[in-house]
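> Have a look; sequence and predicted model below, questions after that.
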Amino acid sequence: MVNAYGRDQIVISDKFTPGMQNDSTENPVVDMLEGSLKRLGTDFIDIYWIHNSADVERWTPLMVEAVKSGKIGRIGVSNHSLEQVKRVQEILAPHGIKVSAVQNHFSLLYRRSIENGLLDYCKENDIQFFSYMVLEQGALSGKYNEANPLPENSNRGKTYNPLFPALKALLASLQEIAEKYAATPAQIATAWAIGRGTTPILGVTKVGQVRDAAQVAEVTLTPEEVAKLEQVAIDSDVDTRGGWEGQA
């Protein structure tokens, strides 16, 4: 892809994953980075993430060498809490480096980054917030419900099918607002995340899905619609925290 389109036309995001490192190397962060560069056929990663918050004190300082080498442009952290993001900032600050992006689970059903102040902190400190699982693996897409569940034997089905009775009102509200905008429930759930100041990460496998995602830019929810969706979501009393998220 890099060779086909030109490096300046592509933004590459990659991750260092604590727990998967080679501890026999002098700097496991740089070691994993070098492996990614080789596989991708490039000499630069635009955003390099610390994928989880395991041992912030150990891994954050090792990112400094990677930045100063010129091989990464921005540092991001994923699945970090507000306190952990602040600590990463403190470690990087003496080197003239800052966190420029946060990537956390964020959806109508998982609003922890609002509740704990992380989203506001990101806005106040010019940190881009990337939201993942905005559609809760399709559960908020409008394609599935209690009568038309996710594949029964899939991990998604095992997680979300038992929740659909509690999500009935939220799915109905998404559908109602979608009809007003000639949109889909998935587009409304995504528009909510954008309206909250985040950049959704959407998984797409078909051209039509890319078009649907692009059309979300045409939808701007009113404050009343945002409040309604959030209240209905709160009333559902559904918690979709993943076991991998730590304190995030």
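That came in fine, so what should we check first?
> In this protein, where is pLDDT below threshold?
Residues of the chain that meet the criterion pLDDT under 70 lie in 1-3, 244, 246-248.
> what about the strands in this structure?
According to DSSP state E, the chain carries its strands in the segments 13-16, 45-50, 72-78, 99-105, 128-132, 199-200.
> Kindly present the ones you listed as CSV, with separate columns for distance to T220 and mean neighbour count.
(C-beta placed from N, C-alpha, C; glycine too.) Formatted as CSV, the strands of the chain follow (distance: least, C-beta to C-beta, whole Å; neighbours: other C-beta atoms under 10 Å):
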stretch, distance to T220, mean neighbour count
strand 13-16, 26, 20
strand 45-50, 27, 22
strand 72-78, 27, 22
strand 99-105, 23, 23
strand 128-132, 17, 20
strand 199-200, 15, 17
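> Could you export the ones you listed as TSV, including distance to E176?
Below are the strands of the chain laid out as TSV (distance: least, C-beta to C-beta, whole Å):
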stretch	distance to E176
strand 13-16	35
strand 45-50	37
strand 72-78	33
strand 99-105	26
strand 128-132	23
strand 199-200	21
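> Quick one: the helices in this structure, in order.
Secondary structure of the chain by DSSP state H: the helices cover 2-5, 28-40, 56-68, 82-92, 112-115, 118-124, 155-160, 168-180, 185-195, 207-215, 223-236.
> contacts for the fourth one?
To tie it back to what came earlier, the one meant is helix 82-92. Helix 82-92 is contacted from outside by 50, 53, 56-57, 60-61, 63-64, 75, 77, 80, 98-99, 102, 116-118, 121-122, 125, 127, 247-248, using C-beta atoms under 8 Å, 6 or more residues apart in numbering.
> thinking again about what came up before, which of the strands of the chain sits closest to M32?
Taking C-beta to C-beta, strand 13-16 is the member of the strands of the chain nearest to M32, at 5.1 Å.
> Tell me how far that closest one lies from the chain's centre.
13 Å (C-alpha atoms, centre = their mean, to the nearest Å).
> For it, which strands pair with it and how are they oriented?
When pairing is defined by DSSP bridges, strand 13-16 lines up against strand 45-50 (parallel).
> The strand it pairs with vs helix 28-40, what angle?
Using axes from the mean of the first three to the mean of the last three C-alpha atoms, to 10 degrees, the inter-axis angle of strand 45-50 relative to helix 28-40 is 140 degrees.
> Send me strand 45-50 as PDB with only the CA atoms.
Output in PDB follows, covering the C-alpha atoms of strand 45-50 (Å, rounded to 0.1, in the frame of the first residue of the first chain):
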ATOM      1  CA  ILE A  45       5.400   5.700  11.700                       C
ATOM      2  CA  ASP A  46       3.000   8.600  12.100                       C
ATOM      3  CA  ILE A  47       1.500   7.600  15.400                       C
ATOM      4  CA  TYR A  48       3.100   5.000  17.600                       C
ATOM      5  CA  TRP A  49       1.000   3.800  20.500                       C
ATOM      6  CA  ILE A  50       1.600   2.200  23.900                       C
END
